[in-house]
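Novice: Quick one, fold the following:
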Amino acid sequence: MLKEKTTLESSVGAFDKAMRGLDDAQVLFELAAEANDEDSAQEAEASLGPVEEDIAKLELARMLSGEQDHSSCFMDINAGAGGTDSMDWAAMLMRMYTRYCEQRGWTVEINDAVEGEEAGFKNVSLRIEGEFAYGYLKAEVGVHRLVRISPFDANARRQTAFASVDVYPEVDDSIQIDIPEKDIELKFIRGGGAGGQKVNKTSSTAQLRHLPTGIIITCQTERSQSANRDMAFKILRGRLYELEMKKREEERAEAEAQKKDISFGSQIRSYVLAPYRMVKDLRTGVETGNVEAVLDGELEEFITSQLMGVKNPTRSGPE
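Specialist: Numbers count the residues shown, from 1 in each chain. The predicted model follows:
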């Protein structure tokens with residue numbers, strides 16, 4: 001609770017800071033207009049730079065507000081079409097993401113790996129520990145395409161290789177069902193049906209309504225009000241557990257639906273090392289000619305643009 005309060009206070013403080021910056025810029029623009037002063041107008045325009053950065057950070061924080069976004073995560077990298085080059089590409093991607101995680105202060109460890117016959121990995125599974133690791137890295141789910149002169153081709157021909165990336169949050173398997181009193185409506189009623197005279201004449205049947213979900217549990221199998229109440233709560237916890245599992249399965253299915261065949265026409269990003277040098281994200285349009293920096297973990301622009309839904313931003317890096 002204390003952590004949630006601290007995070008909320010931080011967000012409110014950042015919002016207030018951005019609003020103050022906007023107010024200050026507006027005052028500067030009004031003064032510049034009244035004085036017809038070009039220098040003051042330029043000063044007012046320059047003051048908007050930090051405000052835009054603050055607003056961008058707030059927008060990103062909003063995009064990382066999912067239930068599991070704060071969590072550590074697991075990443076699976078699987079070689080696809082391209083033979084030995086694809087297995088080498090899987091190893092290159094592992095190195096790229098390891099560098100990115102290190103830059104953010106996260107720790108990376110290999111959970112499992114199947115090495116390729118000549119180079120790289122057929123598949124490798126990483127555990128990434130750090131705050132908001134899942135929130136950021138979920139933007140990387142999909143197929144990644146590499147085009148280069150193959151170091152494994154004796155004729156030095158250009159080859160295309162593919163590898164897929166999957167990311168899922170690290171969640172606690174022990175689910176504690178907390179049912180606040182305000183979410184419960186409990187009453188005792190007379191039972192009906194089979195059960196003899198006692199069932200019909202005493203109000204021992206417990207009827208429990210869970211207000212957020214509308215679930216109603218009625219229990220009359222026990223002999224006392226307290227026993228029926230306890231059993232009704234036990235049944236309700238089971239129902240809520242089932243709902244939580246179903247929710248997780250639906251979220252997992254949604255993530256799986258984003259996956260495609262690890263081959264031509266299904267990539268989210270292309271990394272071209274020959275005949276020219278460029279990395280381009282096919283979802284957002286972000287591209288750069290600084291391939292070396294990207295492969296060394298400089299992924300911030302690609303990830304934030306995808307999380308924020310930015311389309312076709314200004315080209316970054318050298319042409």
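
Novice: how many neighbours does Glu249 have?
Specialist: 10 (other C-beta atoms under 10 Å). Quick note: C-beta positions are derived from backbone N, CA and C, even for glycine.

Novice: I'd say Asn111 and Leu126 touch.
Specialist: Yes. Using C-beta atoms under 8 Å, Asn111 is in contact with Leu126, at 6.5 Å.

Novice: which of those two has more neighbours?
Specialist: Leu126 (21 against 11).

Novice: Next one: the closest residue in space to that one that isn't next to it in sequence from Arg223, what distance?
Specialist: Closest residue in space to Leu126, ignoring its immediate chain neighbours: Met75 at 4.5 Å, by C-beta to C-beta, 6 or more residues apart in numbering. Using C-beta to C-beta, to the nearest Å, we find Met75 at a distance of 54 Å from Arg223.

Novice: follow-up on the earlier one: would it be right to say that the residue nearest to Leu126 lies in a strand?
Specialist: Yes. Counting by DSSP: H, G, I helix; E, B strand; the rest coil, Met75 is part of a strand.

Novice: tell me the contacts of Phe188?
Specialist: Ser203, Ser204, Thr205, Ala206, Gln207, Gln225, Asn228, Arg229 (C-beta atoms under 8 Å, 6 or more residues apart in numbering).

Novice: Tell me if I'm right that the second one and Arg229 touch.
Specialist: No. Counting by C-beta under 8 Å, Ser204 stays clear of Arg229, with 9.6 Å between them.

Novice: Can you give me the neighbour number for the residue nearest to Leu126?
Specialist: Here the number of neighbours of Met75 (other C-beta under 10 Å) works out to 26.

Novice: what is it paired to in the beta sheet?
Specialist: Leu126, Val167 (DSSP bridges).

Novice: Please report how far it lies from Met94.
Specialist: 9 Å.

Novice: any common contacting residues for the two?
Specialist: Leu126.

Novice: Which residue ranges of this structure form helices?
Specialist: Here the chain has its helices, by DSSP state H, at 2-35, 38-63, 84-103, 133-137, 196-201, 225-257, 291-295, 300-308.

Novice: Confidence-wise, which of the ones you listed is weakest overall?
Specialist: Here the lowest mean pLDDT among these goes to helix 196-201, at a mean of 46.

Novice: Out of the contacts of Phe188, who's the most crowded?
Specialist: Neighbour-wise, the contacts of Phe188 (other C-beta under 10 Å) top out at Ala206, 25 neighbours.

Novice: Can you name the residues that contact that one?
Specialist: Leu186, Lys187, Phe188, Ile217, Thr218, Cys219, Gln220, Gln225, Asn228, Arg229, Met231, Ala232.

Novice: Not counting residues beside it along the chain, what's closest to it?
Specialist: Closest residue in space to Ala206, ignoring its immediate chain neighbours: Asn228 at 3.9 Å, by C-beta to C-beta, 6+ apart.

Novice: right, and that neighbour touches Leu208 too?
Specialist: No. Applying C-beta under 8 Å as the test, Asn228 and Leu208 come out as separate, 9.4 Å apart.
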